[in-house]
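Engineer: Give me a model of this one.
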Amino acid sequence: MSLNEDKVRNFMKPTNKFPMIPDTATFAAAVLALEKAQEDYMTGKRECRTLLVYDQNDKIVGKLTPIDVVRGLEPQYESVMSPDVHPFMRNVQHVLDTMRERAMLWSKPIDDLCASAQNVRIKDFIQAPLPSQIVQADESLNLALHHFVAARHDTLFVLDGKKLVGMLRFSDVYREIARRLKDVCRI
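Structural biologist: Predicted structure coming up:
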């Protein structure tokens with residue numbers, strides 16, 4: 001079977017496999033929840049460590065990873081680096097340095113950043129999934145692979161119609177590719 005014939009749904013993790021956190025949780029609660037998810041993952045209690053964030057209607061509105069927490073420490077960072085611009089600026093370090101210097105991002109000591117983040121809620125810094133982070137459950141694994149490679153995401157949101165049914169992790173897709181390479185190339 002080829003990656004074009006395999007469906008995303010066969011490799012995704014259902015949303016119920018992920019730890020969840022409400023978007024009203026505090027910054028501190030997010031850090032503690034991520035730490036607990038990592039512990040559970042390392043001890044085998046959970047197979048997923050990314051937190052899915054839900055709103056007051058129990059709708060999943062995003063995901064939370066350690067990089068999101070770091071972004072939450074400096075909320076102005078998103079106003080300087082919009083998600084739409086970021087892929088085009090990946091290899092332009094001098095532009096990033098200039099922007100950071102002008103905005104004085106990360107100029108405060110981390111203790112000051114943490115003090116100002118105490119009252120921050122997850123919904124204040126969580127990002128909604130970009131179109132490049134969304135695939136349909138019945139799309140080919142090959143198409144999902146293009147999303148991973150082109151946009152450099154680590155996880156994709158999987159929809160069945162308009163309903164979020166799971167997450168596709170790059171690590172799972174890579175595991176399947178490596179398995180096939182070993183079989184075909186006899187590595």
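
Engineer: Count the neighbours of the closest residue to Arg121 other than its chain neighbours for me.
Structural biologist: For Arg121, ignoring the flanking residues on the chain, the nearest one in space by C-beta to C-beta, 6 or more residues apart in numbering is Thr24 at 5.6 Å. All C-beta atoms are positioned from the backbone trio N, CA, C, and that covers glycine. By other C-beta atoms under 10 Å, the residues close to Thr24 number 13.

Engineer: From Gly62, how far off is Thr24?
Structural biologist: Distance of Thr24 to Gly62, computed by C-beta to C-beta, to the nearest Å: 13 Å.

Engineer: re the thing from before, thought the residue nearest to Arg121 was touching Ile122?
Structural biologist: Yes: between Thr24 and Ile122 there is a contact under C-beta atoms under 8 Å: 7.2 Å.

Engineer: close enough to count as contact, Asp55 and Arg121?
Structural biologist: No: using C-beta under 8 Å, Asp55 makes no contact with Arg121, being 11.3 Å away.

Engineer: quick one: contacts of the host helix or strand of Glu35?
Structural biologist: Per DSSP states H and E: Glu35 is located in helix 27-42. The contact list for helix 27-42 (C-beta atoms under 8 Å, 6 or more residues apart in numbering) reads 19, 21, 25, 45-51, 64-66, 68-69, 72, 117-122.
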